[in-house]
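In: Here you go, sequence then predicted model.
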Amino acid sequence: MIESGSMENPDIILASSSPRRQNLLAWTGWSFRIRPVEIDETPHPGEPPGSFALRLAESKAHAASSPMKEDEVILACDTIVADGSKLLGKPTNIDEAKAMLRRLRGHTHQVYTAIAVSIPGEDLTLTDLCISQVPMREYGDEEIEVYTASGDPLDKAGAYAIQHPDFNPVAGLRDCYASVMGLPLCHLVRILRRLDITPRADVPRTCQDRLQYQCPVSHKILKHHPLESSQPVGIPDGYQHIYEQGNHEE
């Protein structure tokens, strides 16, 4: 555990304007404030999705940390949707959203959500990465037309929201649902407990109840320490602290 003074009532700063992340973070019972930041989100040539997500999360945390008060804990996140090596950002128009949804339907793609926590009074940022395999159902062209006409895909990486009640694009998920929404809560809990910060709610139970999803990986995530886990394939040196969910068979 890292010594960081009293963390009984941390002043958590969420470096994001995403309403989905705000809703998820509220389920922990922690109070928090919003401090959105703007950074350059251009990927480097050949940059793997996990490395890209981690770099952006760390950059956001650093941007939100200046100036930092002694009692603040900065939380930043970034979510990258990838179909193999192809990164799928937010569509710029309806036609691009339709193309993304046609590309993703009927097979499994990956969602990488990185979190970065800047610690008050220390020149250190803790990071973690959640990688989810996301199987999409065989939705039809008419469903794509109706969904894209709603405008919902335009502010979302990959052009979909997993939680959309009418479209319901995902079928058979066996990974972290909250991570696909933008904030892997169990990963956040395990990284903050290194600072002796504990949630004021039963996070796995609350998350599953709110999402109506029986999570098969929450116990495994919370059982592991990021620094004790093996390095995922495709993640560069310097990120050995990353935990990949990988094989979920116990």
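Out: Nice, I can see it.
In: doesn't residue 126 fall inside a strand?
Out: Yes - judged by DSSP: H, G, I helix; E, B strand; the rest coil, residue 126 forms part of a strand.
In: For burial, what's the neighbour tally of it?
Out: 21 (other C-beta atoms under 10 Å). Using the backbone N, CA and C atoms, a C-beta is placed for each residue, glycine as well.
In: repeat for the one 5 residues further on
Out: Number of residues near residue 131 (other C-beta under 10 Å) recorded here: 26.
In: helix, strand or coil for it?
Out: Per three-state DSSP, residue 131 ends up strand.
In: what is it paired to in the beta sheet?
Out: residue 112 (DSSP bridges).
In: Settle this for me: it is touching residue 50, isn't it.
Out: Yes - using C-beta atoms under 8 Å, residue 131 and residue 50 qualify as a contacting pair, with a distance of 6.6 Å.
In: I'd assumed residue 63 was in a helix, is it?
Out: Yes - Residue 63 sits within a helix when classified using three-state DSSP.
In: begin at 53 from here
Out: I'll keep to 53 as the first residue from here, and by that count the last item is residue 115.
In: residues in contact with it?
Out: Residue 115 makes contacts with 67, 89, 90, 91, as judged by C-beta atoms under 8 Å, 6 or more residues apart in numbering.
In: In CSV: these, plus pLDDT and neighbour count.
Out: Shown next, in CSV, are the contacts of residue 115 (pLDDT from 0 to 100; neighbours: other C-beta atoms under 10 Å):
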residue, pLDDT, neighbour count
67, 97, 25
89, 95, 17
90, 95, 7
91, 96, 16
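In: of all the residues you listed, which two lie farthest apart?
Out: Greatest spatial distance among the contacts of residue 115 (C-beta to C-beta): 67 and 90, at 10.4 Å.
In: Give the helix, strand or coil label for residue 225.
Out: Applying three-state DSSP: residue 225 is coil.
In: Now do the contacts for it.
Out: By C-beta under 8 Å, 6+ apart, residue 225 lies in contact with 184, 186, 187, 214, 232, 265.
In: Residue 201 - how many residues pack around it?
Out: Neighbours of residue 201 using other C-beta under 10 Å come to 10.
In: Phi first, then psi, for it.
Out: phi -60, psi -20 (degrees, to the nearest 10).
In: so what's it up against?
Out: residue 146.
In: Please check the contacts of residue 225 and keep the buried ones.
Out: 184, 186, 187, 214, 232 (16 or more other C-beta atoms under 10 Å).
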